[in-house]
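Undergrad: Quick one, structure for this:
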Amino acid sequence: MAVFMQLLSALALFAVTLTPALAGETPWQEVAPGVKLRLISSGLVKPDGKTLLGLEIFMPETTKTYWRVPGETGLPTTLDFTGSTGLANDRIVWPYPRRDETDGYLDYVYYGPLVLPIAVTVSGDAPNAEIFATLGVCSEICIPAQAHFSLRLDDAEPDRPNGLRIRQAIAMAPMPWDGKAAPIGSVRYHSADHMLAIELGDADVDPASLIVATANGEPLFGAPQKSPEPNLVLIPILGKSEPIDLENQDIQLTFITDMGAFEVTRTIKGALD
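TA: Sure, this is the predicted structure:
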């Protein structure tokens, strides 16, 4: 964990050394009692036009919103950039979420204050972000919160505090694995038990941290379970009463080590009955 914090500090330092190009933030918008949103910009751009925005969410520690795969009861977060000019290749860089099991249901969530980094590419003389955001916000009740942001991105001054917040959030996002030893081995499907059997190839992987998801979030996979076999983790498939065809499907596996959060992609091998 100490090494991970050093990495976080290094990324924060890197955030203030890029070439200044953009800056800004929108006013806060209250979308629920005690919950407000705004759009922020790092004000820093690479020579190829890539830069970072952030959806900043201020909410109490007991209030939650959802990861890219919200789970069994969650509401997905969507950002509509349709009205933007001079922006392309927009995507949310999702920080590693928390697994939330309440009343027998599994969701992937974030509690309390949060920044969702948004990677974009800017071009032209007057880039402008027009974003319609919809996200689920839950405390005692759950509501679909909505907000509209308009932010010009042609300011010539960098915003170092906002850039730091965005970079700290990115430091919590899973990175592609670049180690020599493969952290995850084969992934096989046990159709009779509605389970994935995942081989762990690196002792630094925390089995309890493993999150499995497809690109579209379907089917939904559950929390890791222990296997009697060493270095094997079982992942249940939720909400399925009949066997499904998962052979040759790609899945993303996200996990935690002492160096932080990582992800790999694996193809599910032939079904085991």
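
Undergrad: residue ranges with poor pLDDT in the chain?
TA: Low-confidence segments of the chain, defined by pLDDT under 70: 1-23, 155-157, 240-243, 270-273.

Undergrad: Please enumerate the helices of the stretch 151-273 of the chain.
TA: Here the stretch 151-273 of the chain has its helices, by DSSP state H, counting those that start in this stretch, at 160-171.

Undergrad: same thing with the stretch 1-150 of the chain?
TA: Assigned by DSSP H, counting those that start in this stretch, the helices in the stretch 1-150 of the chain fall at 2-15.

Undergrad: Okay, strands next: where are they in it?
TA: 24-25, 29-32, 35-45, 50-58, 64-71, 78-80, 87-92, 98-102, 105-111, 114-122, 128-138, 142-152 (DSSP state E, counting those that start in this stretch).

Undergrad: want to try CSV for the ones you listed, with distance to Arg167 as columns?
TA: To be clear about C-beta, it is placed using only N, CA and C from the backbone, and glycine gets the same treatment. Below are the strands of the stretch 1-150 of the chain laid out as CSV (distance: least, C-beta to C-beta, whole Å):
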stretch, distance to Arg167
strand 24-25, 15
strand 29-32, 24
strand 35-45, 8
strand 50-58, 8
strand 64-71, 20
strand 78-80, 20
strand 87-92, 15
strand 98-102, 21
strand 105-111, 17
strand 114-122, 8
strand 128-138, 19
strand 142-152, 18
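
Undergrad: Go through the ones you listed and name the closest to Asn231.
TA: strand 98-102 (21.4 Å; C-beta to C-beta).

Undergrad: so what secondary structure elements neighbour the closest one?
TA: The contact analysis (3 or more C-beta pairs under 8 Å, 6 or more residues apart in numbering; DSSP states H and E) places strand 98-102 against strand 105-111.

Undergrad: Isn't Leu196 up against Lys269?
TA: No: between Leu196 and Lys269 there is no contact under C-beta atoms under 8 Å: 10.0 Å.

Undergrad: hang on, Val264 packs against Ile184?
TA: Yes: counting by C-beta under 8 Å, Val264 does reach Ile184; the two are 5.3 Å apart.

Undergrad: who has more neighbours, those two?
TA: Ranked by neighbour count (other C-beta atoms under 10 Å), Val264 and Ile184 place Ile184 first, with 21 against 16.

Undergrad: Leu196 is in contact with that one, correct?
TA: No: contact criterion C-beta under 8 Å: Ile184 and Leu196 do not qualify, at 11.2 Å.

Undergrad: how about the strands of the stretch 1-150 of the chain in a markdown table, adding distance to Ser209 and mean neighbour count?
TA: A markdown table is the format used below for the strands of the stretch 1-150 of the chain (distance: least, C-beta to C-beta, whole Å; neighbours: other C-beta atoms under 10 Å):
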| stretch | distance to Ser209 | mean neighbour count |
| --- | --- | --- |
| strand 24-25 | 33 | 18 |
| strand 29-32 | 30 | 16 |
| strand 35-45 | 28 | 23 |
| strand 50-58 | 23 | 22 |
| strand 64-71 | 14 | 22 |
| strand 78-80 | 26 | 15 |
| strand 87-92 | 21 | 15 |
| strand 98-102 | 9 | 15 |
| strand 105-111 | 12 | 19 |
| strand 114-122 | 19 | 21 |
| strand 128-138 | 23 | 20 |
| strand 142-152 | 26 | 16 |
